[in-house]
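J.: everything below, folded, please.
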Amino acid sequence: VGIGGGSMTVPLLVALGTAPVRAVGTSSACGVAIGMASAVGYALHAPPGALPAHAVGYVYLPAALGVAAASVLAAPFGTRLAHRLSGETLKWIFAAFLVLVGVSLLLGG
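T.: This next block holds a predicted model:
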């Protein structure tokens with residue numbers, strides 16, 4: 001769906017008894033490996049042709065660097081916030097986020 005495997009991994013891990021904070025962390029760690037493999041695939045398998053400057057295959061390097069930098073800067077904040085909130089609060093926030101994404105997809109966003 002374009003928002004990563006966490007939309008399925010986190011609820012599954014929580015349903016299996018994993019603490020929400022640990023489920024989010026585990027899902028994020030899996031996402032790094034999946035994202036790197038995907039980026040390599042997109043970089044290596046783009047057909048030759050008119051790609052923008054500063055692109056390696058389908059990977060636009062300025063955007064990739066921006067996302068990486070934002071992730072590194074935001075991760076400590078997210079970690080502190082996740083440890084301050086209760087597991088129940090995290091579940092509700094995550095559920096609300098998934099509902100918003102679902103509604104956006106249904107409306108063509």
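J.: ok, which stretches of this structure are helices?
T.: Using DSSP state H, the helices of the chain run over 6-15, 20-44, 61-84, 87-106.
J.: of the ones you listed, which stretch is the most buried?
T.: Across the helices of the chain, averaging neighbours per residue (mean count of other C-beta atoms under 10 Å) puts helix 6-15 on top, at a mean of 16. Just so you know, the C-beta spots here come from the backbone N, C-alpha and C atoms, and that holds for glycine as well.
J.: could you give the angle of that helix to helix 87-106?
T.: Using axes from the mean of the first three to the mean of the last three C-alpha atoms, to 10 degrees, the inter-axis angle of helix 6-15 relative to helix 87-106 is 150 degrees.
J.: what is helix 6-15 packed up against?
T.: Under the contact definition 3 or more C-beta pairs under 8 Å, 6 or more residues apart in numbering; DSSP states H and E, helix 6-15 sits against helix 20-44, helix 87-106.
J.: would you mind listing the outside residues contacting the shortest one?
T.: It stands for helix 87-106. Counting contacts by C-beta atoms under 8 Å, 6 or more residues apart in numbering, the residues outside helix 87-106 that touch it are 1, 3, 7, 10-11, 14, 19-21, 24, 82, 85.
J.: got it, and stretch 6-19?
T.: Outside of stretch 6-19, the residues within contact range by C-beta under 8 Å, 6+ apart are 1, 20, 22-24, 26-28, 30-31, 87, 91, 94, 98, 101.
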